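Enquirer: Pasting the sequence and the predicted coordinates here, then a few questions.
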Amino acid sequence: MAGHGTGSSEETRVLVVEDDRGIADSLVRGLRQAGYAVEGVRTGRAALTADTPDVVLLDLGLPDIDGVEVCRMLRARSDAAIIAVTARGEEADRVVALDEGADDYLVKPFGLAELLARMRAVLRRRRPAEPEVLRHGPLVLDLRTRQVSVDGRPLALTPKEFGILECLAADPGRVVSRQQILERAWDAHWYGPTKVLDVHVASLRRKLRVPGLIETVYGHGFRLGAAREQP
């Protein structure tokens, strides 16, 4: 499954499984206009052979295979978010679908705005978990225990030093501005002098003892570079 857990429509793939041509065409058109990449199929069999999407909009009243069974089979083979669609009054089907792996449900008739909101919600819930350990070359940061080591050598860092290193290690190679680091490691509303950052970075470099690991990009900020071998 693609990483679109923020709920953004950009590049998010949606599979619409709906046997009513009028409803299906309307859904496909509306979702495409909202920026989603959409494929529409009209049977359970076609749904099970389609490319794995990020979201499945699954009508439970399909002509060939019971929709709840399709839901169960999709869940067994994929981690796509599944939204079950039922007619009014089919509460039992909705309950069974949720038990079989559906993430949410919609009752016909529903509006496009409600559908889009439900899709954003299920995508947020399925956001990949943040890694608890960051690694870059000899550097290892355990975000849960807030412990840091270099080549297995544990380091005693201050909270500010840890915050700086975490900010850089979250995306090695990317330049992180001084202001971004200050907002992350100090306070979101930091308005003091940015020179305070240089003092902490100098201390961090001394403790790391890995030349070139923290690079200064003049006029921009800092980044984690490829560590050079010590002479």
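Expert: Arrived safely, thanks for sending. Numbers count the residues shown, from 1 in each chain.

Enquirer: Report the secondary structure state of residue 57.
Expert: strand (DSSP: H, G, I helix; E, B strand; the rest coil).

Enquirer: Use 43 as the first number from now on
Expert: New numbering, starting at 43: the last item is residue 99.

Enquirer: hang on, it packs against residue 58?
Expert: Yes: the pair residue 99 and residue 58 qualifies as a contact (C-beta atoms under 8 Å) at a distance of 4.9 Å. The way it works is simple: take the backbone N, C-alpha and C, and place the C-beta from them, glycine included.

Enquirer: quick one: common contacting residues for these two?
Expert: residue 69 (C-beta atoms under 8 Å, 6 or more residues apart in numbering).

Enquirer: any idea whether the residue nearest to residue 147 when sequence neighbours are not counted is helix, strand or coil?
Expert: Using C-beta to C-beta, 6 or more residues apart in numbering and skipping the chain neighbours, the partner closest in space to residue 147 is residue 126 (4.3 Å). When classified by three-state DSSP, residue 126 comes out as strand.

Enquirer: Tell me the pLDDT of residue 126.
Expert: The score at residue 126 is 93. That number is its pLDDT.

Enquirer: So in terms of bridging, what pairs with it?
Expert: Beta-bridge partners for residue 126, by DSSP bridges, are residue 100, residue 147.

Enquirer: Same question for stretch 255-272: list its buried residues.
Expert: 255, 256, 263, 264, 265, 266, 267, 269 (16 or more other C-beta atoms under 10 Å).

Enquirer: just stretch 137-151 next, same as before
Expert: Residues 138, 139, 140, 142, 143, 144, 145, 146, 147, 148 are the ones in stretch 137-151 that count as buried (16+ other C-beta under 10 Å).
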